[in-house]
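Coordinates for the following, if possible.
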Amino acid sequence: MRQAVLIVGILLGSSLSGCTCDGEAEGMRQAQRESEEAAKREAATREAPRKLRPPVEGSRKVECTQLIDMTAFGEALGEKQPISVRDVTKTSPQSTSSCSLLRGGEPVSMAAQKALLKRNGRLGVLPGDELCNVTAFCSTIEDPERFEQKCRDLTLGTPACVTIVPHGPDDVQSFRFLDKETKCVIEVRGGPSMVDNDFIATCAKAARDLIGPEQISATPSPVEPTAGAPEGEGGEGGEP
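As a prediction, this is how the structure comes out:
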């Protein structure tokens, strides 16, 4: 009798134990299914990561007549005569555009140049000479925070890198900054005869303020002819 009771107890215990394990396993499977469904719902609603693109893709170049508004730059630089622009992008293959701004006015005669040299000890920037150069690098993606960690000079009112190059008795500055609107890196330097650092800084500020997304667009707005200029004139810059 005692042996029969013991066998029944063992069988009953085994049965109860099996029911408990099956219940726990089913609960775990249900939890896993719910977790997988939640992950699928989250993946379906999650936005795909946005692909970063440089301001100007590929090897596309921007014409200087598009990048530089000669009237606006001339006014910003305080030039009395209309300036012109020379495209020198070929000398800077990695750039999107490299433009030299030239002083306007009538050529100075040799006699007048000798007089200037005698009076001032230097000729300065004459009509037709380069005032400053604006070079834009727009085919790379720059990290603003990393760029500002390297370029902290605030001469322009915004972070920039300043390079100083001795030019005779003068220390001439050039500027490199990341433009917030276009996301391009822009470099500005003075021409060979320009030693006025305030003027070079003014040219850099003008580049920062006057060059925007429209100036590097692949489909720029049509440029209207200059008021009073005959058709086909006044819209192209170049060497005087």
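
Mean pLDDT per element in this protein, and the minimum belongs to which helix or strand?
Using mean pLDDT, DSSP states H and E, helix 2-45 stands out as the lowest-scoring helix or strand of the chain, at a mean of 64.

which non-adjacent residue is nearest residue 102?
residue 84 (4.8 Å; Cβ to Cβ, 6 or more residues apart in numbering). Placement of C-beta: from N, CA and C, glycine included.

That neighbour reaches residue 70, doesn't it?
Yes. If you go by Cβ atoms under 8 Å, residue 84 and residue 70 touch, sitting 6.6 Å apart.

Neighbour count: those two, which is higher?
residue 70 (23 against 20; other Cβ atoms under 10 Å).

For that one, list the residues it contacts.
82-85, 101, 237 (Cβ atoms under 8 Å, 6 or more residues apart in numbering).

Can you select the buried ones from those in ChimeraX?
To isolate the buried ones among the contacts of residue 70 in ChimeraX, judged by 16 or more other Cβ atoms under 10 Å, type:
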select :83,84,85,101,237
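
so how far is residue 34 from residue 28?
11 Å (Cβ to Cβ, to the nearest Å).

Pick out the residue closest to the middle of this protein.
residue 184 (1.7 Å; Cα atoms, centre = their mean).

List the contacts of the residue lying closest to that one once chain neighbours are set aside.
Computed as Cβ to Cβ, 6+ apart, the closest residue to residue 184 that is not its neighbour in sequence is residue 138, at 3.9 Å. Each residue near residue 138 by Cβ under 8 Å, 6+ apart is listed here: 54-56, 62, 96-97, 182-185, 216.

Poorly predicted segments of this structure, please.
Scanning the chain with the threshold set as pLDDT under 70 gives 1-22, 43-50, 221-240.

ok, and the closest non-adjacent residue to residue 113?
Nearest to residue 113 is residue 123, by Cβ to Cβ, 6+ apart, at 5.9 Å.

Isn't that neighbour up against residue 115?
No. The pair residue 123 / residue 115 is not scored as a contact, 10.2 Å apart, by Cβ under 8 Å.

Using CSV, please lay out the contacts of residue 70 together with distance to residue 158 and secondary structure.
Compiled in CSV, the contacts of residue 70 are given as follows (distance: Cβ to Cβ, whole Å; DSSP: H, G, I helix; E, B strand; the rest coil):
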residue, distance to residue 158, secondary structure
82, 28, coil
83, 24, coil
84, 28, strand
85, 24, strand
101, 21, strand
237, 27, coil
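
Name the nearest of the contacts of residue 70 relative to residue 175.
residue 101 (14.5 Å; Cβ to Cβ).

List the residues that contact the closest residue to residue 108 other than its chain neighbours.
Once flanking residues are discounted, residue 108 sits nearest to residue 126: 5.1 Å by Cβ to Cβ, 6+ apart. Contacts for residue 126 (Cβ under 8 Å, 6+ apart) come out as 103, 107-108, 113, 193.

which of these count as buried?
Buried among the contacts of residue 126 (16+ other Cβ under 10 Å): 103, 193.

Out of the contacts of residue 126, which is nearest to residue 151?
Using Cβ to Cβ, residue 193 comes nearest to residue 151 of the contacts of residue 126, at 26.7 Å.

What's the separation between that closest one and residue 36?
73 Å.

repeat for residue 51
29 Å.

Those two: which is more packed in?
residue 36 (10 against 5).

Hmm, residue 128 is touching residue 100, no?
No. Here residue 128 does not reach residue 100: they are 11.1 Å apart, not a contact under Cβ under 8 Å.

just the helices in this protein please.
Along the chain, counting by DSSP state H, helices occupy 2-45, 64-67, 70-77, 110-120, 144-150, 197-210, 213-216.

The spatially closest residue to residue 127 that is not a sequence neighbour: neighbour count?
Residue nearest to residue 127 in three dimensions, not counting chain neighbours: residue 105, with 3.5 Å by Cβ to Cβ, 6+ apart. Neighbours of residue 105 under the rule other Cβ under 10 Å: 16.
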